[in-house]
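Asks: Curious how this folds, go ahead:
(chains A and B)
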There are 2 protein chains.
Amino acid sequence: VAAPIYELYYWPGIQGRGEFVRLALEYAGVPYVDVARRPRGMAAMMKLLERGGGAGLVPFAPPFLKRGDLVIAQTATILAYLGPRHGLVPRDEVSQLRAQQLQLTIADLVAEVHDTHHPIAVSLYYEDQKREARKRSRVFVEERIPKYLGYLERVLDHNGGAHLVGDAFSYVDLSAFQVVVGLEYAFPNAMARLARKIPLLRRLRDQVARQPRIAAYLASERRLPFNEQGIFRHYPELDLRPPRRVVSSRARTRSRSRRPRSGKRT
Amino acid sequence: VAAPIYELYYWPGIQGRGEFVRLALEYAGVPYVDVARRPRGMAAMMKLLERGGGAGLVPFAPPFLKRGDLVIAQTATILAYLGPRHGLVPRDEVSQLRAQQLQLTIADLVAEVHDTHHPIAVSLYYEDQKREARKRSRVFVEERIPKYLGYLERVLDHNGGAHLVGDAFSYVDLSAFQVVVGLEYAFPNAMARLARKIPLLRRLRDQVARQPRIAAYLASERRLPFNEQGIFRHYPELDLRPPRRVVSSRARTRSRSRRPRSGKRT
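Replies: Numbering: from 1, shown residues only, chains lettered A, B, ... in the order given. Next up, the predicted model:
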């Protein structure tokens, strides 16, 4: 095994925005160190955030990637750097522009997901902005999820159905997988209602999960579980209500005793 | 004069995100058509948003740039495309990564500016989310503006003081100009309080405004004024209160009869 040339810096304990970079590195089979999850890693990360590393630009926030003296921040920029180097995007310029454009649209969606539980301030607790979170989430599940995922579905359709860019997996497909499973974790009812409108996107999610290196990663300790400290949080009060069904009293009892369907398929 | 090879598509009547692209094209002296501000331009834009253009990707939202068959959306991706072609960024890869990283941080700031007046939903009127807008804006002016602009100030300082990337104006400097004048328009009191902490950024703003092509653009009809339909909106109730001063009753009367200092220097 080659020595890792990349150091990834991201908050330990959550998938967050770091996960888009992890999925790309894992799919490409590129060795990397997930620095902040190691002993003394957080101190190293905070130092770089304060002073920068070598000749590199001081990052505004994690995630950032370090390769020797070069420090690259912003998820989409990290992926634009890794893409052509590790077979994660087609080699032509137009495909790479297309990939960046889609990645930035996914980034906009991710920022909106974050703001469903933090609509007022990232510096306040969820509990202190719960009322506003309900209002924002209602619009998010009714309008924004269908708009964003409907757009990705159309792009897939126009591109032959299997990939968002070119005719092989790219970092954009991996990122689309992550937002779909993240939204299924956070908003299972909203996603269940939308399911039949995004068949290509759900197939893409399954295909990504089946890629050998991704399957191995998802089954490993390196894949952190979704949780309520990350971007995709399962707060049932922010999701749609479950669809009404005619159920026997036995089934009703059973379903009450289980957690709500998480939609997490990883 | 060369025939325009670029068509810019953006909502007419506002600077918005389109302005970052306009400033780049104007500084480079590249002829372009601002399609949606022309007769029948909106219809052309809506058609491209629905069906895409030629072989290009269907954009998720304006702004987008069209050159022949190629359609590029997302402000930062448009600038990444224009940058090396028109002398708007140094030619080496590391500088271009650095520029993208900064541009995406500016884009994050712009999204937060938008959400100060639309914290719940872009589909609702400001009046219907005014209460939440006050809460979000309070945190924005107290925490977020100082954090973002303080970061850009540090990057300028580490890079010699005059430019954010390399040793000449880049599209990032133009974008930094735009966010500073936009914030001065929208939040004059908050920006007045911060002024002495961002001397390099204010000097950059002045230097950009003085560049001959930018000065000509800002004085032209092509530069739309800031207004309350755009991203940077001046709602006094969202700004900090003006600083208390000991003033004579005559001065008090005079200052009441004027609009609050807008800080707009364009």
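Asks: do you know how far A:H158 is from A:L164?
Replies: Using C-beta to C-beta, to the nearest Å, one obtains 10 Å as the distance from A:H158 to A:L164. In short, each C-beta sits where N, CA and C put it, glycine included.
Asks: the more surrounded of the two?
Replies: Legend: neighbour count by other C-beta atoms under 10 Å in any protein chain shown for A:H158 and A:L164, higher for A:L164 (26 against 13).
Asks: helix/strand/coil for the residue lying closest to that one once chain neighbours are set aside?
Replies: Excluding its sequence neighbours, the residue lying closest to A:L164 (C-beta to C-beta, 6 or more residues apart in numbering or on different chains) is A:V172, at 4.6 Å. Secondary structure, DSSP: H, G, I helix; E, B strand; the rest coil: A:V172 is helix.
Asks: Any idea how many residues pack against A:V35?
Replies: For A:V35, using other C-beta under 10 Å, the count is 21.
Asks: for it, what are its contacts?
Replies: Applying C-beta atoms under 8 Å, 6 or more residues apart in numbering or on different chains, one finds that A:V35 lies in contact with A:E7, A:L8, A:Y9, A:G41, A:A44, A:M45.
Asks: again, only this time at 6 Å
Replies: With contact taken as C-beta atoms under 6 Å, 6 or more residues apart in numbering or on different chains, A:V35 is in contact with A:E7, A:Y9, A:G41, A:A44.
Asks: gap between the spatially closest residue to it that is not a sequence neighbour and B:Q101?
Replies: For A:V35, ignoring the flanking residues on the chain, the nearest one in space by C-beta to C-beta, 6+ apart is A:G41 at 4.4 Å. Look at A:G41 and B:Q101: by C-beta to C-beta, they are 22 Å apart.
Asks: Neighbour count for the two, which is higher?
Replies: B:Q101 (28 against 17).
Asks: Which of the helices or strands spans the more buried one?
Replies: helix B:93-117 (DSSP states H and E).
Asks: Quick check: next helix or strand after that helix?
Replies: Counting by DSSP H and E, what follows helix B:93-117 is helix B:130-139.
Asks: and that following helix, which residues are buried?
Replies: Buried residues in helix B:130-139, counted by 16 or more other C-beta atoms under 10 Å in any protein chain shown: B:E132, B:A133, B:K135, B:R136, B:S137, B:R138, B:V139.
Asks: quick one, what contacts the third one?
Replies: Pointing back at B:K135 there. A:I120.
Asks: how does it look with 8 Å?
Replies: Contacts of B:K135 by C-beta under 8 Å, 6+ apart are A:I120, A:A121, A:Q129, A:E132, B:P119.
Asks: ok, now the last one?
Replies: Contacts for B:V139 (C-beta under 8 Å, 6+ apart) come out as A:I120, A:A121, A:S123, A:L124.
Asks: Show me where the stretch 51-200 of chain A dips below the pLDDT cut-off.
Replies: Scanning the stretch 51-200 of chain A for pLDDT under 70 picks out A:53-56.
Asks: can we see that at 80?
Replies: Across the stretch 51-200 of chain A, the ranges flagged by pLDDT under 80 are A:52-56.
Asks: Wait, a helix at A:I72?
Replies: No - when classified by three-state DSSP, A:I72 is found to be strand rather than part of a helix.
Asks: so it sits right up against A:P62, yeah?
Replies: No - when contacts are counted by C-beta atoms under 8 Å, A:I72 is not listed as touching A:P62 (11.8 Å).
Asks: Can stretch A:12-22 be said to contact chain B?
Replies: No - shown here: stretch A:12-22 not in contact with chain B (C-beta under 8 Å from any C-beta of the partner chain), separated by at least 11.2 Å.
Asks: thinking again about what came up before, by neighbour count, which of the contacts of A:V35 wins?
Replies: A:Y9 (26 neighbours).
Asks: what sits against that residue?
Replies: A:V35, A:A36, A:A44, A:M45, A:L48, A:P59, A:P62, A:P63, A:F64, A:L65, A:K66 are the contacts of A:Y9 under C-beta under 8 Å, 6+ apart.
Asks: can you give me phi and psi for it?
Replies: Torsion angles at A:Y9 (phi, psi; degrees, to the nearest 10) stand at phi -120, psi 120.
Asks: From A:G16, how far off is it?
Replies: 12 Å.
Asks: Equivalent analysis for A:D115, please.
Replies: Distance from A:D115 to A:G16, by C-beta to C-beta: 14 Å.
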